[in-house]
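Q: coords please:
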Amino acid sequence: MGFLSKILGEKAEKGALSFFDELVNEAGKAKQNEQSAPVNVTPAAQPQTYSEPNGNSWGPVMPQEENQFSCSGAYYDYFYNVFRDEFPEYEVTKDVIDKRNATVFTFAQGGSTVLIVEVMSQTGTSRKIRSDCAKQGIKYLRFYHNHNGWWNTRSYVAGRVGSALGK
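A: Numbers count the residues shown, from 1 in each chain. As a prediction, the model looks like this:
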């Protein structure tokens with residue numbers, strides 16, 4: 001007598017075991033069909049322009065579009081230059097936090113902070129800035145500067161920040 005038969009009775013146990021056997025068989029058939037189905041191979045990523053939709057800023061091959069890794073200098077200089085060039089109507093300040101390997105950018109307009117952008121290591125665990133922004137009603141974005149395959153292309157960074165700023 002099995003565990004289920006003690007709880008449900010012998011007839012219910014047989015029904016349950018039959019049901020689970022059928023589920024396992026169906027999953028196996030689906031896996032075989034998946035493995036034998038033709039695979040669509042997409043061509044190599046094409047360079048993006050600012051007008052293309054966001055979301056193509058990652059992958060195994062560095063895009064031709066300007067990105068954090070194709071520019072000389074530190075990651076925070078790249079982000080600062082994108083912010084300054086793309087959003088000249090905002091005063092953007094940066095605060096490099098060496099002990100956390102992060103940089104915090106503050107976007108202000110008319111003396112008021114309208115957006116905080118935190119660029120940090122993928123291994124960072126800090127949530128203080130994000131929670132402080134939530135408490136104060138300030139918009140917050142986060143980018144990772146060292147996540148393998150995330151290129152932070154200009155269009156991707158500008159698109160996310162522009163959306164946060166209501167552009």
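
Q: need the helices for the chain, in chain order.
A: 3-8, 10-36, 75-86, 128-136, 154-164 (DSSP state H).

Q: pull out the buried positions in stretch 75-86.
A: 75, 76, 78, 79, 80, 82, 83, 86 (16 or more other C-beta atoms under 10 Å). Every residue, glycine included, has its C-beta placed from N, CA and C.

Q: and of those residues, the nearest to residue 159?
A: Relative to residue 159, the closest of those is residue 86; by C-beta to C-beta it sits at 9.5 Å.

Q: touching, that closest one and residue 162? I think so.
A: Yes: look at residue 86 against residue 162 with C-beta atoms under 8 Å: they come within range, at 7.2 Å.

Q: okay, buried residues for stretch 101-118 please.
A: 101, 102, 103, 104, 105, 106, 107, 114, 115, 116, 117, 118.

Q: most widely separated two among the buried residues of stretch 75-86?
A: 75 and 86 (16.5 Å).

Q: excluding covalently adjacent residues, which one is nearest to residue 104?
A: residue 95 (4.7 Å; C-beta to C-beta, 6 or more residues apart in numbering).

Q: from memory the one you found sits against residue 103, does it?
A: Yes: with contact defined as C-beta under 8 Å, residue 95 and residue 103 form a contacting pair (6.8 Å).

Q: in the protein, where is pLDDT below threshold?
A: With pLDDT under 70 as the threshold, the chain has low-confidence stretches at 1-56.

Q: swap the cut-off to 90 and go again
A: The chain contains residues with pLDDT under 90 at 1-64, 98-100, 124-126, 147-150, 167.
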